[in-house]
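> Turn this into a model:
(one chain, ligands or ions: 1)
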Amino acid sequence: VLNQEQYVNRLISSVNNAYDNIPFYRDLLKNKKPIMTLADIQNLPVVTKSDFVGKPAAYITRQNQKKIAITFATTGTTQEKLFVHLELGDFKNWLVPKARDALVNFIGIKKSDIILSTFGWELTQPGSEYAFGAIEAGAHIYPVGPGTITPSKVAVKIIAEKNISVVFATPSYALRLADAALENGIDTSILKIRCFVVTGETLTNAARKRIEQAWKTEVYNIYGMAETGLTGAECKAHSGMHLLTNYIFAEINRNQFTQSFESEQMGELVLTTIGKKGMPFIRYNTHDLVSLTDKPCSCGFQTSIIKAHFGRTDGMLKIKGRGIYPALIEEILLDTEEVSSNYRILIEHGKYTDNISVLAELKPGEAKTKKTHKKVADRIKEELGINLDVKLCKSGSLPHSEGWKEKRIIEVDVRKNTNS
Ligand SMILES: [Zn+2]
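Presented below is the predicted three-dimensional model:
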């Protein structure tokens with residue numbers, strides 16, 4: 001364990017290394033040198049995804065191009081992908097030990113654990129990062145992926161027959177696997193699953209409760225993104241996610257959305273990678289709205305704790321002039337007993353106005369009743385302060401999207417149709 005002085009020195013040398021080697025930072029940090037204290041770092045400009053997207057020449061020189069070993073990309077479907085490069089040393093000494101530390105220290109992964117991972121490997125980072133982290137922890141892993149090659153019904157069969165003790169999944173895929181278990185007659189109460197480790201989507205309280213009930217297990221939430229990989233992990237106290245402080249430095253963006261509490265600050269999370277050489281991030285604004293606290297945790301680990309709120313500020317929907325986080329709609333739907341875990345938010349962009357409706361699929365055996373409809377519509381009105389068009393759909397009628405993240409928001413352009 002590093003003491004505060006060693007830690008700050010590592011952070012400073014990491015930033016100086018980026019300054020010396022990456023043209024993007026050399027230009028950006030012009031006249032900011034020398035960086036000698038933590039305060040010097042906190043005076044550097046805050047950057048964001050758009051500063052990197054489509055500008056590979058800025059941070060990949062011909063010189064360090066040769067050192068790149070693996071490339072991941074952000075999963076955003078609406079925005080252009082950001083490609084994130086790692087050198088072999090970054091993978092071996094930064095990405096994998098970071099995942100191992102999170103899995104061992106906070107989630108308690110042991111050598112005796114048999115893990116099923118449904119994370120994708122297709123340009124996304126959790127597939128390989130978590131698998132190698134688990135292997136380094138001494139565990140045994142079945143990397144089945146998110147249903148593209150190994151269907152969900154085969155994955156649940158492996159869970160039941162191979163004594164799986166831990167499952168890695170997105171919250172939506174954990175719920176989809178629960179449906180597959182039910183459809184295939186698998187009794188989850190006799191399984192030996194110790195926990196589900198989830199990441200990749202905002203984990204709502206209602207989704208957590210549903211995963212816990214369906215799988216009779218505990219849920220550990222992990223915070224991460226392609227840019228920095230696994231960044232924070234929940235411990236057994238489940239009161240936020242411990243920052244992986246040996247690898248990442250975190251701050252709260254003070255410019256926007258910021259509120260300060262006694263030992264807790266709320267705002268957009270800004271991250272700096274420590275010791276990553278291939279494509280370091282310095283003061284990178286994730287646009288994730290979080291609280292950061294240094295209060296001691298009952299688990300014994302005293303690292304800063306990230307508490308996530310609703311999701312990314314740039315993922316907010318503009319509905320009738322108001323900003324609404326999709327996670328708030330999910331919270332209401334998944335907290336409604338009659339509604340299944342599959343839903344869609346349909347946005348129809350019209351000529352003059354956008355129409356937004358919520359398609360809520362019913363659980364098997366539930367009928368479309370006025371009572372259920374009113375229950376959902378009234379709660380949306382009450383909690384979000386707006387009227388949304390709610391449509392109940394028959395059980396099993398909403399398709400699942402391909403891959404490890406369920407595509408909940410569907411945008412349709414109806415302008416052309418209105419003219420014809
Ligand atoms: Zn803790």
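> tell me the contacts of the residue of the stretch 301-420 of the chain found nearest the ion?
Closest approach between the stretch 301-420 of the chain and the ion, counting by CB to the ion: F301, at 5.2 Å. In this view, the C-beta of every residue, glycine as well, is placed from N, C-alpha and C. By CB atoms under 8 Å, 6 or more residues apart in numbering, the contact set of F301 is N105, F106, C235, H242.
> residues in the chain within reach of the ion, list them.
C235, A237, C297, C299 (CB under 5 Å from the ion).
> and stretch 26-34, how far out from the chain's middle?
32 Å (CA atoms, centre = their mean, to the nearest Å).
> Averaged pLDDT, it. What do you get?
Mean pLDDT, stretch 26-34: 78.
> Please apply the same query to stretch 107-124.
For stretch 107-124, the per-residue pLDDT averages 95.
> How about stretch 6-14?
The model assigns stretch 6-14 a mean pLDDT of 90.
> What are the buried residues along that stretch?
Y7, R10, L11, I12, S14 (16 or more other CB atoms under 10 Å).
> Stretch 115-127 now?
Per 16+ other CB under 10 Å, stretch 115-127 contains these buried residues: I115, L116, S117, T118, F119, G120, W121, L123, T124, Q125, P126, G127.
> and what of stretch 208-227?
Neighbour-count burial for stretch 208-227 [16+ other CB under 10 Å]: 208, 210-211, 214-215, 217-227.
> Show the residue spans covered by the helices in the stretch 201-350 of the chain.
205-215, 326-334 (DSSP state H, counting those that start in this stretch).
> how far off helix 205-215 does the last one point, in degrees?
If I follow you right, that is helix 326-334. 50 degrees (axes from the mean of the first three to the mean of the last three CA atoms, to 10 degrees).
> what residue ranges in the protein score low on pLDDT?
For the chain, the stretches with pLDDT under 70 are 1-2, 33, 61-62, 76-78, 254-264, 310-314, 416-420.
> and stretch 111-126, how far from the chain's centre?
14 Å.
> should've said stretch 157-170
Per CA atoms, centre = their mean, the centroid offset for stretch 157-170 relative to its chain is 21 Å.
> Tell me the helix or strand right after whichever strand or helix holds P126.
Assigned by DSSP states H and E, P126 belongs to helix 125-136. Using DSSP H and E, the helix or strand that follows helix 125-136 in sequence is strand 140-143.
> Which residue lies closest in space to the residue nearest in space to the middle of the chain, excluding its sequence neighbours?
Against the mean C-alpha coordinate of the chain, by CA atoms, centre = their mean, the closest residue is G200 at 3.1 Å. Nearest-residue entry for G200: T170, 4.1 Å, with adjacent residues in sequence omitted and distances by CB to CB, 6 or more residues apart in numbering.
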